[in-house]
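>>> here is the input, now give the coordinates:
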Amino acid sequence: MSVVLRTTTGDPATLSSSFQQAVWTVDHDEPLSDIQTLDEIVNDFNSQRRFNVLALGSFAGIGILLMLVGMFGLVSSLISAHTRDIGIRFALGARRTQVCLSLLRSSFLPVFPGIALGLLFSFLAKRLIGAILFQTSPLDLLTYISTPTALLLILILTSLAATRRAARIDPAGVLRQE
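Numbering: from 1, shown residues only. Sure thing, here's the model as predicted:
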């Protein structure tokens, strides 16, 4: 049997001893257990959901960090592989902005198919995704727009950091190396 009391004065947590005394004056053998406030009940009910959201958020943060490191590594290796080509372009009179834009373009090419596949797979897995969402549609348009936009912004930041390094390449030093 459950009893729910509503109070208008005082802290409900401090009223548990008064409630026990009132019950025990009527029947001293009546066991009372698990006296909780409504806030405690709601917190207990939502604790698993809160943990799931925290775990998913942590995994998403780790995923974004790994993507940052991976994209920076990808663009850096692209630049390292083409250091000689970049030096030759500079020696032949190419402007630094032209070379940087060319490097940015080549770093963006593999990302667009990845974003398209990610959107396709998330659309196909909408039932699975919908099972873990709370008060959100698995086909939330804001999510489908903001996620690729955030990925592209991260790519732009990491690519700009790597291409800044490429813009400082000394063409004479590169051409002397063989």
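>>> from here on, contacts and neighbour counts on C-alpha atoms
Will do.
>>> for the protein, which segments are assigned as helices?
Secondary structure of the chain, counting by DSSP state H: helices at 16-26, 38-81, 83-91, 96-108, 111-124, 126-132, 141-167, 171-176.
>>> could those be laid out in TSV, adding mean pLDDT, distance to residue 8 and mean neighbour count?
Output for the helices of the chain, formatted as TSV (pLDDT from 0 to 100; distance: least, Cα to Cα, whole Å; neighbours: other Cα atoms under 10 Å):
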stretch	mean pLDDT	distance to residue 8	mean neighbour count
helix 16-26	81	14	12
helix 38-81	85	14	14
helix 83-91	84	75	18
helix 96-108	83	62	16
helix 111-124	88	49	13
helix 126-132	78	37	12
helix 141-167	85	42	16
helix 171-176	80	80	13
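>>> save these as a markdown table, and put in distance to residue 10 too.
Putting the helices of the chain into a markdown table (distance: least, Cα to Cα, whole Å) gives the following:
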| stretch | distance to residue 10 |
| --- | --- |
| helix 16-26 | 11 |
| helix 38-81 | 14 |
| helix 83-91 | 73 |
| helix 96-108 | 62 |
| helix 111-124 | 50 |
| helix 126-132 | 38 |
| helix 141-167 | 44 |
| helix 171-176 | 78 |
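>>> right, and those helices - which one's nearest residue 3?
helix 16-26 (10.8 Å; Cα to Cα).
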